Structure formats: C-alpha cells, structure tokens
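**Student:** Okay, here's the prediction I keep looking at, along with the sequence it came from:
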Amino acid sequence: MKVRLTSRGLRARLDDLELAALNRGEPLEVAAAWPGGGWRLVLDPATAQTAGTAGDLRVGVREVLASLNDPAREGVRVEGPPRVDIEKEFGPQHG
C-alpha cells in the first residue's frame, strides 16, 4: 500500500493483491517508526468506523469494499475526519 498525506487528508493506493487481502478479511497496515514516535495506518475490512489516537489511524472499509471491488470505479472515499481516498493501482506485475 502506498500512502500520501495531504492537507485535506490522505490517499492510499492498493494493488490487486492488497485488495484481495481486504476481501479475505485481512487488514492492511503500513507504518513508519522513529525514536519517540511514528505513525501507522490500518485499513480494516471488519469495521465501518474510523478512529485515531496519536499517530495511529484505523480506517474501517467494510461499507465501501463492494464499491472498491467494482471494476468501473477507480477508488472510493471514506469521509473523515480525516478524509481518506482509497484508490486501485493495478499494474501488470500481478496480471
């Protein structure tokens, strides 16, 4: 999963294997740690709630997973705060 932070929220880009993992009920996680802090993003298919504490954000994707699986859609938005855009980025590497 690739993550971009912006002043309006964040954007997560998923490949086909990561979307398949969400469909199997597996949460996706990306984190960066440094001495005295860090941050972590979890996309959780088991919940619809978004919750954050300190540098930890858990985004529930249960309500948007069907839309994310729609081949005609490039992505979905989970309204926040923060706003989270989840996009599909399928390359030829897994096709």
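**Tutor:** Looks like it arrived, so ask away.
**Student:** Could you tell me the average pLDDT over stretch 14-27, please?
**Tutor:** Per-residue pLDDT values across stretch 14-27 average out to 97.
**Student:** quick one: the helices in the protein?
**Tutor:** 16-23, 65-69 (DSSP state H).
**Student:** List the contacts of the first one.
**Tutor:** Taking contacts as CB atoms under 8 Å, 6 or more residues apart in numbering, the residues outside helix 16-23 that touch it are 1, 14, 28, 43, 45, 61, 65, 68-69, 88, 90, 94-95. (Glycine included, C-beta is placed from N, CA and C.)
**Student:** out of the residues you listed, which is most surrounded?
**Tutor:** Ranked by the number of neighbours (other CB atoms under 10 Å), the contacts of helix 16-23 place L43 first, at 26 neighbours.
**Student:** The residue lying closest to V64 once chain neighbours are set aside and N23: what is the separation?
**Tutor:** In space, and not counting its chain neighbours, V64 is closest to V76: 4.3 Å by CB to CB, 6 or more residues apart in numbering. Counting by CB to CB, to the nearest Å, the gap from V76 to N23 is 14 Å.
**Student:** Name the residue in those two with the higher neighbour count.
**Tutor:** Shown here are V76 and N23; by other CB under 10 Å, V76 has more neighbours (19 against 13).
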